[in-house]
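Enquirer: sequence first, predicted model second:
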Amino acid sequence: MKLVIIKYNAGNIQSVLFALERIGMEGMVTDDPFLIQSADKVIFPGVGEASSAMNYLRDRKLDQLIRELKQPVLGICLGLQLMCKYSEENKTECLGIFDTEVKKFNVKSGLKVPQIGWNKVEDTSEPLFKGIFEEPYCYFVHSYYAELCAETAAVTEYGVRFSSALGKNNFYGVQFHPEKSAAAGEHILKNFIQL
Amino acid sequence: MLTKRIIPCLDIQNGRTVKGTNFLNLRDAGDPVELGARYALEGADELVFLDITATNEKRKTLSELARRIAHHINIPFTVGGGISSIQDVQVLLENGADKISINTAAFKNPSLIAGLAREFGSQCIVLGIDAKKAANGKYYVYLNGGRMATETICLDWAKKGVDLGAGEILLTSMDQDGTKKGFALELTSMLAQGLPVPVIASGGGGTREHFAEVFQEGFADAALAASIFHFREIPIPDLKQFLKGLGIGIRI
């Protein structure tokens, strides 16, 4: 299986590679359009800031390429957010794959922002959460969240109920970091690999 | 609900885990990666590795260690100890560290915090603060692993650090550290309630009840300890079951 991780100016790619290795998979990190298009599975990771990440993708025409991918694609953290329509983070037009918007947590409500730590992932749906019977705890680090919508595949609460996972056709996204979410995260990554 | 975190801390010297009391008298406590992997399996929510090696070789060994940890361990980890530049941090993050902790270097050069936050984001900048209560009842910041006093009030420095971009505070009470007499509740609650970012309480955890106190009365977001985990005085699964039984939000 050819498993590609899209390379762009967002961090944490090493952790994703190591996590894949732990479940017996080898990923290739690339921004080569041909390699991305011909992969069996594509992971779109990311820790960083939305507008500079979108600029980077547009400059390399990766934005259009990602939208047109037909194989399973998994966005992680900023990756999920960039797959939405729009992000409040520096008023960024995003890829528009998921029909929802990305908002900032309301600091005034007394919430600590970013949300850092393990939170419950509820109302989960298949295929990403297949075989996970209890609502798992996963590891989150983020200041922005995707609003609930018809494509919500899991819900988490932090001051507000938000989409901790999204799914539409061949596109999937998780707001938490499966590569850092212990056994539950490994299970979710395996489910994606087996799609 | 976002859960409270239990964080084992591994002090590293020349590649080995060590543990002392009140910053002194170091004892060997094993291979850090093996220990870390065991903690991850037992349900630790995060790990902190602090390198206390004082040699020039340190920078290289620390990045190699980060890589080994990232390779073997499936929960987040922070690396700290002598980090003083953007390049130091770059190397550690590239080798798989999730966060880095800075302490003395940040105090001496506060613009380092802003530079790191701009470059890598606040979420990976943990500001370590060692504090000690003075006769006047106020808490002051100490540097160089607790060896050097300053005239700066702990809460003032923490607020400034957060304004500059620190995403989390790792607060060590020097009065409590190594005593196993409980966390510094007054100090912890002062910071946890006074800051818009998570506070990790460190120093003094000796019983399961101490952890309950620091979450319920100290309002800590996370609690860190070392020797009680290394020497298996409190098994992490027991601790987490106990806290959950008290109605504290805990990941089991």
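Expert: Yes, it's here.

Enquirer: what residues are up against the closest residue to chain A within the stretch 101-250 of chain B?
Expert: The stretch 101-250 of chain B approaches chain A most closely through residue B:123 (4.8 Å), counting by CB to the nearest CB. All C-beta spots, glycine's among them, are computed from the backbone N, C-alpha and C. Applying CB atoms under 8 Å, 6 or more residues apart in numbering or on different chains to residue B:123 gives the contacts A:47, A:114, A:116, A:141, A:142, A:143, B:99, B:167.

Enquirer: redo that, cut-off 6 Å
Expert: A:114, A:141, B:167 (CB atoms under 6 Å, 6 or more residues apart in numbering or on different chains).

Enquirer: looking at the residues you listed, which are in strands?
Expert: residue A:141 (DSSP state E).

Enquirer: top of the contacts of residue B:123 by neighbour count?
Expert: Among the contacts of residue B:123, the one with the most neighbours (other CB atoms under 10 Å in any protein chain shown) is residue B:167, at 26 neighbours.

Enquirer: how about the residues of chain A by chain B?
Expert: Within chain A, the residues that sit near chain B (CB under 6 Å from any CB of the partner chain) are A:14-15, A:18, A:112, A:114, A:116-119, A:137, A:139, A:141, A:158, A:180, A:182.

Enquirer: now the residues you listed: which count as buried?
Expert: Neighbour-count burial (16 or more other CB atoms under 10 Å in any protein chain shown) applied to the residues of chain A next to chain B gives A:14-15, A:18, A:112, A:114, A:116-119, A:137, A:139, A:141, A:158, A:180, A:182.

Enquirer: among those residues, which are located in helices?
Expert: A:14, A:15, A:18, A:182 (DSSP state H).

Enquirer: can you pick out the most distant pair from these?
Expert: Greatest spatial distance in these: A:14 and A:182, 18.0 Å, computed using CB to CB.

Enquirer: contacts only, for the closest residue to chain A within the stretch 151-252 of chain B.
Expert: Taking CB to the nearest CB, chain A has its nearest neighbour within the stretch 151-252 of chain B at residue B:251, 4.1 Å off. Residues in contact with residue B:251 (CB under 6 Å, 6+ apart) are A:118, A:137, B:3.

Enquirer: tell me where the stretch 101-250 of chain B has strands.
Expert: With strands called from DSSP state E, counting those that start in this stretch, the stretch 101-250 of chain B shows them at B:125-133, B:139-143, B:148-153, B:168-173, B:199-202, B:222-225.

Enquirer: re earlier: out of the contacts of residue B:123, who's nearest residue A:125?
Expert: Of the contacts of residue B:123, the one sitting nearest to residue A:125 (CB to CB) turns out to be residue A:141, at 23.5 Å.

Enquirer: most centrally placed residue in chain A?
Expert: In chain A, the residue lying closest to the centroid (CA atoms, centre = their mean) is residue A:76, at 2.2 Å.

Enquirer: could I get the pLDDT score of that residue?
Expert: You'll see residue A:76 listed with a pLDDT of 96.

Enquirer: residues touching it, list them.
Expert: Residue A:76 neighbours (CB under 6 Å, 6+ apart): A:45, A:174.

Enquirer: pretty sure residue B:6 is touching residue B:45, no?
Expert: Yes. Using CB atoms under 6 Å, residue B:6 is in contact with residue B:45, at 5.4 Å.

Enquirer: dump the residue contacts of the residue nearest the centre of chain B.
Expert: Nearest residue to the geometric centre of chain B (CA atoms, centre = their mean): residue B:170, 4.7 Å. Residue B:170 is in contact with B:101, B:126, B:128, B:200, counting by CB under 6 Å, 6+ apart.

Enquirer: now swap in residue B:149 and tell me
Expert: Contacts of residue B:149 (CB under 6 Å, 6+ apart): residue B:142.

Enquirer: try 10 Å this time
Expert: B:132, B:134, B:140, B:141, B:142, B:143 (CB atoms under 10 Å, 6 or more residues apart in numbering or on different chains).

Enquirer: what of residue B:238?
Expert: B:42, B:208.

Enquirer: what about the longest helix in chain B?
Expert: Per DSSP H, chain B has its longest helix at helix B:58-72.

Enquirer: could you give the mean pLDDT of that one?
Expert: On average, helix B:58-72 scores 87.

Enquirer: ok, now stretch B:75-90?
Expert: pLDDT averaged over stretch B:75-90 gives 93.
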